[in-house]
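K.L.:
output the structure for:
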Amino acid sequence: MTRKQRRATFIAVSLGILGLAVGLMLFAMRDNIVFFYSPSDVVERGVEPGQRIRLGGLVEQGSLEDLGDARLRFNVTDFVETVTVTYRGVLPDLFREGQGVVTEGSFGEDGNFTATNVLAKHDEYYMPPEVADALKRSGQWQGEGAEAPHSETYGQGAYP
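P.N.:
Numbering: from 1, shown residues only. Here you go, the predicted model:
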């Protein structure tokens with residue numbers, strides 16, 4: 001075997017091993033690549049109790065409840081399924097009923113979601129694309145992007 005052939009063989013084997021390693025990593029992380037799960041996704045996939053996920057959707061109107069001791073309970077919905085969320089802490093200033101939210105945490109044995117972090121949308125016209133897609137799938141979509149007076153500035157759910 002000539003020096004050129006050995007080098008070509010080494011490169012081909014190295015690329016094959018690298019491709020296999022990347023493929024195995026992507027296969028192992030296939031469920032964790034999602035930015036967040038909608039309530040419908042949670043029901044479809046059957047998320048295990050204790051598994052940390054991000055849950056996103058809209059805060060259901062009239063569901064915010066103060067439990068005392070800085071604990072709050074509210075429902076996150078995509079208008080097909082609804083998940084009850086319990087959170088201890090201070091909610092972001094932009095958190096409101098009827099607005100988009102992404103929560104980080106895990107499900108308990110009782111089926112309720114306990115959030116360790118709550119992220120609210122960044123302004124009153126923004127909706128995460130994933131939430132908009134979930135609303136479109138459920139048939140609850142109310143328009144094309146943000147119907148704000150200056151929606152051309154914000155685009156279709158993009159940051160300004």
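
K.L.:
for this structure, which residues score under the pLDDT cut-off?
P.N.:
30-34, 121-131, 140-160 (pLDDT under 70).

K.L.:
nearest to the middle of it, which residue? Look it up for me.
P.N.:
Nearest residue to the geometric centre of the chain (CA atoms, centre = their mean): residue 36, 1.6 Å.

K.L.:
for residue 55, see how far away it is.
P.N.:
In this structure, residue 36 and residue 55 are 6 Å apart, going by CB to CB, to the nearest Å. Using the backbone N, CA and C atoms, a C-beta is placed for each residue, glycine as well.

K.L.:
which residues touch residue 70?
P.N.:
Taking CB atoms under 8 Å, 6 or more residues apart in numbering, we find residue 70 in contact with 88-90.

K.L.:
to clarify, my last question referred to residue 112.
P.N.:
83-86.

K.L.:
now do 10 Å
P.N.:
73, 83-86 (CB atoms under 10 Å, 6 or more residues apart in numbering).

K.L.:
residue 29: which of the residues you listed is nearest?
P.N.:
residue 83 (23.4 Å; CB to CB).

K.L.:
ok, back up a step: just the contacts of residue 70 now: which is nearest residue 69?
P.N.:
Nearest to residue 69 among those, with distances taken as CB to CB, is residue 88, at 7.6 Å.

K.L.:
my guess is the closest one contacts residue 115, does it?
P.N.:
Yes - between residue 88 and residue 115 there is a contact at 8.5 Å, judged by CB atoms under 10 Å.

K.L.:
ramachandran coordinates for the residue nearest to the centre of the chain?
P.N.:
Recorded main-chain torsions at residue 36 are phi -160, psi 160, according to degrees, to the nearest 10.

K.L.:
for it, give its distance to residue 104.
P.N.:
The value you get for residue 36 to residue 104, if CB to CB is used, is 9 Å.

K.L.:
now do residue 42
P.N.:
For residue 42, the distance to residue 104 - CB to CB - is 14 Å.

K.L.:
residue 27: which element?
P.N.:
Using DSSP states H and E, residue 27 sits in helix 3-28.

K.L.:
so how far is that helix off the chain centroid?
P.N.:
34 Å (CA atoms, centre = their mean, to the nearest Å).
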